[in-house]
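Participant: Build the 3D model from these lines:
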Amino acid sequence: MSNSKQVFRSGIYKDYFAQGIKTGNTLHLAGQVGIDTEGNIPESIADQTKLAYDNIQQVLSEFNATMENIVDETIFVTDMSDTMKNVENVFSVRAQAYGAIPEVSQTLVQVVALVSPKLKIEIKCIAHL
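Facilitator: Coordinates of the predicted model:
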């Protein structure tokens, strides 16, 4: 049985991994972080969250999908205490990205580190197309 895949690579890590892989009617997005196209990382977790969702939307658009297609997301943070202190800002940015309170399953996990020590958040999603 053949498993045909459509692959999208972009960004500063495109030589190392794909940003999104579509197989069948499922799209798996690599974890997206708050890095802009020039490699800049904002200081606040809310600003990093906004950029991460912008990057998610870019990957979705490559597959003619939108935030409405997302069914599951996992949010990785490096400091749960800081995240919870800023939870209203973070989840306000999240709601803006989805255009409403998202109807997706969601997991929030603290990790030791992300790819850069400046990063505070990474968001990984699965979308149904």
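Participant: Can you tell me which helices and strands the top helix by length along the chain packs against?
Facilitator: For the chain, the helix with the greatest residue count under DSSP state H is helix 45-62. Other elements packing on helix 45-62 under the criterion 3 or more C-beta pairs under 8 Å, 6 or more residues apart in numbering; DSSP states H and E are strand 20-23, strand 26-29, strand 32-33, strand 70-77, helix 87-98, strand 121-128. C-betas here are computed from N, CA, C, even on glycine.
Participant: can you pull the buried residues of that helix?
Facilitator: 45-46, 48-53, 55-56, 58-60, 62 (16 or more other C-beta atoms under 10 Å).
Participant: ok, now stretch 104-119?
Facilitator: Of the residues in stretch 104-119, those buried by neighbour count under the rule 16+ other C-beta under 10 Å are 104, 114, 119.
Participant: Pick the one among these closest to Ile35.
Facilitator: Leu119 (7.5 Å; C-beta to C-beta).
Participant: check contacts around the residue nearest to Thr66 when sequence neighbours are not counted.
Facilitator: Counting by C-beta to C-beta, 6 or more residues apart in numbering, the nearest residue to Thr66 once its immediate chain neighbours are dropped is Leu60, at 5.9 Å. Neighbour list for Leu60: 20, 27, 29, 66-67, 69-70, 127 [criterion: C-beta atoms under 8 Å, 6 or more residues apart in numbering].
Participant: want to try JSON lines for those, with neighbour count, distance to Val7 and pLDDT as columns?
Facilitator: As requested, those are arranged in JSON lines below (neighbours: other C-beta atoms under 10 Å; distance: C-beta to C-beta, whole Å; pLDDT from 0 to 100):
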{"residue": "Gly20", "neighbour count": "23", "distance to Val7": "7", "pLDDT": "96"}
{"residue": "Leu27", "neighbour count": "24", "distance to Val7": "11", "pLDDT": "98"}
{"residue": "Leu29", "neighbour count": "24", "distance to Val7": "12", "pLDDT": "97"}
{"residue": "Thr66", "neighbour count": "13", "distance to Val7": "20", "pLDDT": "98"}
{"residue": "Met67", "neighbour count": "19", "distance to Val7": "21", "pLDDT": "98"}
{"residue": "Asn69", "neighbour count": "18", "distance to Val7": "18", "pLDDT": "98"}
{"residue": "Ile70", "neighbour count": "24", "distance to Val7": "19", "pLDDT": "98"}
{"residue": "Ala127", "neighbour count": "25", "distance to Val7": "15", "pLDDT": "98"}
